[in-house]
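Participant: attaching a predicted model along with its sequence, questions to come.
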Amino acid sequence: MRGSDEATGSLFSYVDLEERIPPRHPLRKIRSAVNDALRSLDADFDRLFAGEGRPSIAPERLIRASLLQILYSIRSERQLMDQMDYNLLFRWFVGLGIDDTV
């Protein structure tokens, strides 16, 4: 079953990631282009995943995380996970909330 890429706001958090990212940061344009491309693949993703079972990690989030790994020359997925644990920019780009588990 395909996981959801919906961004959920945190109930008890006062930090809005959207406000923390500078308006002219280069990743804003990249994220917009990536989201447009991923929207066009939505039907393909739906076809590839089963309709029942335990939900997976959303493929959109995995693709965005892999793109960050390439752009920032992060050597391993373990280092990427460590970065995403405390880097607000990475959390925002992937679509995780401030309190979401990596």
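Facilitator: Okay, I see it.
Participant: how much space is there between E52 and S76?
Facilitator: 33 Å (Cβ to Cβ, to the nearest Å). From N, CA and C alone the C-beta is placed, and that goes for glycine too.
Participant: the more surrounded of the two?
Facilitator: S76 (9 against 6; other Cβ atoms under 10 Å).
Participant: quick one: pLDDT of the more buried one?
Facilitator: pLDDT for S76: 96.
Participant: which residues touch L68?
Facilitator: The contact partners of L68, by Cβ atoms under 8 Å, 6 or more residues apart in numbering, come to I74, L80, Q83, M84, F90, F93, V94.
Participant: so the first one sits against L80, correct?
Facilitator: Looking back up the chat, that one is I74. Yes. In this structure, I74 is within contact of L80 by Cβ atoms under 8 Å, at 4.8 Å.
Participant: helices and strands around the one helix or strand R91 maps to, which ones?
Facilitator: R91 is part of helix 88-94, with elements assigned from DSSP states H and E. For helix 88-94, the packing partners by 3 or more Cβ pairs under 8 Å, 6 or more residues apart in numbering; DSSP states H and E come out as helix 17-20, helix 26-40, helix 59-71, helix 77-86.
Participant: pick the most buried one from the ones you listed.
Facilitator: helix 59-71 (a mean of 17; mean count of other Cβ atoms under 10 Å).
Participant: next, the angle from that helix to helix 77-86.
Facilitator: 110 degrees (axes from the mean of the first three to the mean of the last three Cα atoms, to 10 degrees).
Participant: I appreciate the help and will end here.
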